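Visitor: what's the 3D shape of this:
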Amino acid sequence: MLRVLASLAFVILASLCGASGSIYSSHFAKFREAFRVALPIRDTQGGQDLLEKVSTLSSPSYGQWLSRDEVTKRFAPSYPPEEVQTWMETALHEGVFCSCTSEACWSLSCFAAEANDVLDDLMAELPSSVHAYGFGPEHRFPAHRVRAKVRQGPSSYYVLPQTLQNLYDVDYSIHEPVGAGPTEFQNDSSFLPSDLALFAKATGLPVHSPTKNHIVGPFSDSYADIESSLDMDYVAGLAPAVQMWFWTTPGWILDTVEDMLDHKTLPEVMTWSWGWSENDQGTITGTNNSHAYVRHGNDRLMLLALRGVTVVVSSGDAGAPGRTNENCNGASALNAVFPGASPYVLSAGATSLYNLTLWRDQAGKPPLCNATAACAHGGHEGMCYNGGPGGCFWTAGGGFSNVSARPFYQDHVVPDYLADKSASKPFGLFNTSGRGYPDLAANGHNYYVVANGAPMAVDGTSASGPTIGAIIARLNALRYAHGQPQLGFANPALYTAAQTCATCFNDPIPGWNNCTESTCCPYGFQGRAKGWDANTGLGTPNFTALANFLI
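Guide: Numbering: from 1, shown residues only. Modelled structure (predicted):
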């Protein structure tokens, strides 16, 4: 049954639409969705405790992920809180009516007449347990500031899926079905199947488009976005047997995750190449409390983790200062990114190749790699930072959340980094008890991508994110082949591996993330040669060692 509030909304709608009940009446046409109200989930602490149990390798409950119905029954608001119902009565008198966005009623969707001038006052009167935010096309990322930025430019070589396979020793031999794919926010443009076919021909890999039932949300194949093309090329290219998904959404984190929680079937792995400062979520959503938006978003991301979904999120391309302080003159010197700094996602930093070797006459050379197209075969890796020897003209993000406390799985590694005097840190400017990010890293420089029929070299943590997502999908395939559940919320398992498996991660050459895409600022975090740091996390993955440890 729909929640109590949805029934109340039905009565309101009936009165507005007249005896016929048609919501297309001219009277209703003047109403629009004005804002949404995120309701508090039930038993947040219980959810955190349960997630720790099912994601800790040594726990008897490990891998016992929840179904949609189990998550809804235990954590969805059982009814709108009494103080919210009281507020609704006031709102109705002012010509604003609200209804549940879904049967689970994670949030309310509130409608008002176009000319309604009391919206700000009503939002200000909401109880503190809930959070109001904007929804719709008028709430967008700032101009030219979209996503963990994809950059393109001239390149002396290309990185291909085979390059990454060599770097991280990825095994292609097991073909158990695993669902994986990107999520693109705010009605972002889509990919072209014809581009995937060209990418497959150039690389010699069996790259396939998702089936219709695995495309969720608005989809258009009239024009390809570079971001979407990159995501599809490298999830499908590095995990060639994967069941591809493509998820698009008109909104941002809160409403998107709620929609995912309402779906019965989800892919095991999602990659999100988007992010924005924790302190500035209001720029996107119209909220006057950015941290409240992050907290409600984290609660829902926790539930997605309980569903057994690995969400890989790019850590950003503007270093520790972030895209809201690219010229070092923002109100805040350091800006953690959301959702990349959420404790419930796998945060992906980036490296580039140092002392690279080119693909010449080695076995398995991709068709693209000939006299006119140089392709990287391997090399050493170092943190990707603006002006560094790896050729990056941007800096991978990293730092500490101002909203989320340090999660249990980082209790051993982050204090060690904070105490390491060999790696400089801007103490006094960041939350030393916050969640540190990224969790790990992968190459993010000079990826070969085909978009709208044109080949190009693409950069960003938008590239390293799908790579890590594909590696998680391959690990899931191996686990399925051995009768084991998917990794799901993989962070605790990966941090355990880093403690007890000396070869599970490679240590990139350290860097410094004080630079952005535009300039270098006074403050940032220095990496170190061994162990977790706020540049490349645990390091880059060694697939074979991780598989031996996790299977």
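Visitor: run the chain-centre distance for the lengthiest strand in the chain.
Guide: In the chain, with assignment by DSSP state E, the single longest strand is strand 346-358. In this view, strand 346-358 has its centroid 20 Å away from the chain centroid, taken as C-alpha atoms, centre = their mean, to the nearest Å.
Visitor: which other helices and strands contact it?
Guide: Under the contact definition 3 or more C-beta pairs under 8 Å, 6 or more residues apart in numbering; DSSP states H and E, strand 346-358 sits against strand 310-314, strand 376-383, strand 440-443, helix 461-481. Any C-beta I mention is one placed from the backbone N, CA and C, and that applies to glycine too.
Visitor: so what strands line up beside it?
Guide: When pairs are called by DSSP bridges, strand 346-358 turns out to pair with strand 310-314 (parallel), strand 376-383 (antiparallel), strand 440-443 (parallel).
Visitor: okay, and for the protein, where does confidence drop off?
Guide: 1-30, 135-155, 371-372 (pLDDT under 70).
Visitor: between the strands paired with strand 346-358, which gets nearest to residue 111?
Guide: strand 310-314 (30.7 Å; C-beta to C-beta).
Visitor: what's in contact with the closest one?
Guide: With contacts defined as C-beta atoms under 8 Å, 6 or more residues apart in numbering, strand 310-314 is touched by 147-148, 268-275, 301, 304-305, 339-340, 342, 344-348, 397, 460-462, 464-466, 468-469, 472, 486-490.
Visitor: again, only this time at 7 Å
Guide: 148, 268-273, 275, 301, 304, 339-340, 345-348, 461-462, 465, 468-469, 472, 487-490 (C-beta atoms under 7 Å, 6 or more residues apart in numbering).
Visitor: what angle sits between that strand and helix 461-481?
Guide: With axes from the mean of the first three to the mean of the last three C-alpha atoms, to 10 degrees as the basis, strand 310-314 and helix 461-481 are set at 160 degrees to each other.
Visitor: give the next helix or strand downstream of strand 310-314.
Guide: Next helix or strand after strand 310-314 toward the C-terminus (DSSP states H and E): strand 337-338.
Visitor: pairing partners for that next one, with directions?
Guide: Strand pairing for strand 337-338, determined by DSSP bridges: strand 276-277 (antiparallel).
Visitor: show me how far the strand it pairs with is from its chain's centre.
Guide: Distance of strand 276-277 from the chain centroid (C-alpha atoms, centre = their mean) equals 12 Å.
Visitor: which is the next helix or strand following it?
Guide: Heading C-terminal from strand 276-277, the first helix or strand you meet, by DSSP H and E, is helix 282-285.
Visitor: that following helix - contacts with which helices or strands?
Guide: Contact partners of helix 282-285 among helices and strands, from 3 or more C-beta pairs under 7 Å, 6 or more residues apart in numbering; DSSP states H and E: none.
Visitor: distance between that helix and the chain's centre?
Guide: Taking C-alpha atoms, centre = their mean, the mean C-alpha location of helix 282-285 is offset from the chain mean by 17 Å.
Visitor: buried residues, that helix. List them.
Guide: For helix 282-285, a neighbour-count test (16 or more other C-beta atoms under 10 Å) marks 282, 283, 284, 285 as buried.
Visitor: tell me the contacts of the nearest residue to the first one once chain neighbours are set aside?
Guide: Nearest in space to residue 282, with sequence neighbours left out and distances taken as C-beta to C-beta, 6 or more residues apart in numbering, is residue 290 at 4.9 Å. The neighbourhood of residue 290, defined by C-beta under 7 Å, 6+ apart, consists of 278, 279, 280, 281, 282.
Visitor: by neighbours, which of those wins?
Guide: Of all those, the highest neighbour tally under other C-beta atoms under 10 Å goes to residue 278, namely 27 neighbours.
Visitor: mind listing what residue 330 touches?
Guide: The contact partners of residue 330, taken as C-beta under 7 Å, 6+ apart, are residue 324.
Visitor: please repeat the previous calculation with a cut-off of 8 Å.
Guide: Per C-beta under 8 Å, 6+ apart, neighbours of residue 330: 321, 324.
Visitor: then residue 182?
Guide: Contacts of residue 182 (C-beta under 8 Å, 6+ apart): 228, 231, 232, 235, 245, 246, 247, 270, 271, 272, 273, 466.
Visitor: try residue 127
Guide: Taking C-beta under 8 Å, 6+ apart as the criterion, residue 127 is in contact with 81, 83, 84, 87.
Visitor: now name the helix or strand holding residue 430.
Guide: Using DSSP H and E, no helix or strand contains residue 430.
Visitor: and what of residue 42?
Guide: Using DSSP H and E, residue 42 sits in no helix or strand.
Visitor: quick check: it touching residue 74?
Guide: Yes. Under the criterion of C-beta atoms under 8 Å, residue 42 makes contact with residue 74 at 7.1 Å.
Visitor: of these two, who's got more company?
Guide: Set side by side, residue 42 and residue 74 show more neighbours around residue 74, with 16 against 13, by other C-beta under 10 Å.
Visitor: neighbours around residue 45, how many?
Guide: 7.
Visitor: elements contacting the helix or strand harbouring it?
Guide: Counting by DSSP H and E, the element that carries residue 45 is helix 44-55. Judged by 3+ C-beta pairs under 8 Å, 6+ apart, the packing partners of helix 44-55 are helix 68-75, helix 290-306, helix 491-500.
Visitor: quick one: the very next helix or strand once past the shortest one to chain centroid distance?
Guide: Sequence-wise, the next helix or strand beyond helix 68-75 is helix 82-93, with elements assigned using DSSP H and E. Relative to the centre of its chain, helix 82-93 is centred 35 Å away, using C-alpha atoms, centre = their mean.
Visitor: after helix 82-93 comes which helix or strand?
Guide: Note on helix 82-93: by DSSP H and E, the next helix or strand toward the C-terminus is strand 96-100.
Visitor: list the buried ones in stretch 194-203?
Guide: The neighbour-count check on stretch 194-203 (16+ other C-beta under 10 Å) flags 195, 196, 198, 199, 200, 202, 203 as buried.
Visitor: tell me the one of the residues you listed nearest residue 542?
Guide: residue 203 (22.8 Å).
Visitor: domain ranges for the chain?
Guide: 4-40+77-133, 151-325+332-550 (automatic domain parsing).
Visitor: mind putting those domains in JSON lines, distance to residue 58 included?
Guide: Formatted as JSON lines, the domains of the chain follow (distance: least, C-beta to C-beta, whole Å):
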{"stretch": "domain 4-40+77-133", "distance to residue 58": "32"}
{"stretch": "domain 151-325+332-550", "distance to residue 58": "8"}
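Visitor: most packed of the ones you listed?
Guide: domain 151-325+332-550 (a mean of 22; mean count of other C-beta atoms under 10 Å).
Visitor: from the chain's centroid, how far away is it?
Guide: That offset, for domain 151-325+332-550, works out to 8 Å (C-alpha atoms, centre = their mean).
Visitor: then stretch 164-181 to PDB, C-alphas only?
Guide: Taking Å, rounded to 0.1, in the frame of the first residue of the first chain, the C-alpha atoms of stretch 164-181 are listed here in PDB:
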ATOM      1  CA  LEU A 164      45.200  -1.700 -18.400                       C
ATOM      2  CA  GLN A 165      45.000  -5.500 -18.500                       C
ATOM      3  CA  ASN A 166      48.800  -5.500 -18.600                       C
ATOM      4  CA  LEU A 167      49.200  -2.900 -15.800                       C
ATOM      5  CA  TYR A 168      46.800  -4.700 -13.400                       C
ATOM      6  CA  ASP A 169      47.200  -8.300 -14.600                       C
ATOM      7  CA  VAL A 170      43.400  -8.600 -15.300                       C
ATOM      8  CA  ASP A 171      42.100 -12.100 -16.000                       C
ATOM      9  CA  TYR A 172      39.700 -12.400 -18.900                       C
ATOM     10  CA  SER A 173      39.200 -16.200 -18.700                       C
ATOM     11  CA  ILE A 174      36.000 -16.400 -16.500                       C
ATOM     12  CA  HIS A 175      32.700 -15.400 -18.100                       C
ATOM     13  CA  GLU A 176      30.100 -15.600 -15.300                       C
ATOM     14  CA  PRO A 177      27.400 -13.000 -15.900                       C
ATOM     15  CA  VAL A 178      27.900  -9.800 -13.900                       C
ATOM     16  CA  GLY A 179      26.000  -6.600 -14.400                       C
ATOM     17  CA  ALA A 180      27.900  -3.300 -14.600                       C
ATOM     18  CA  GLY A 181      27.700   0.100 -16.200                       C
END
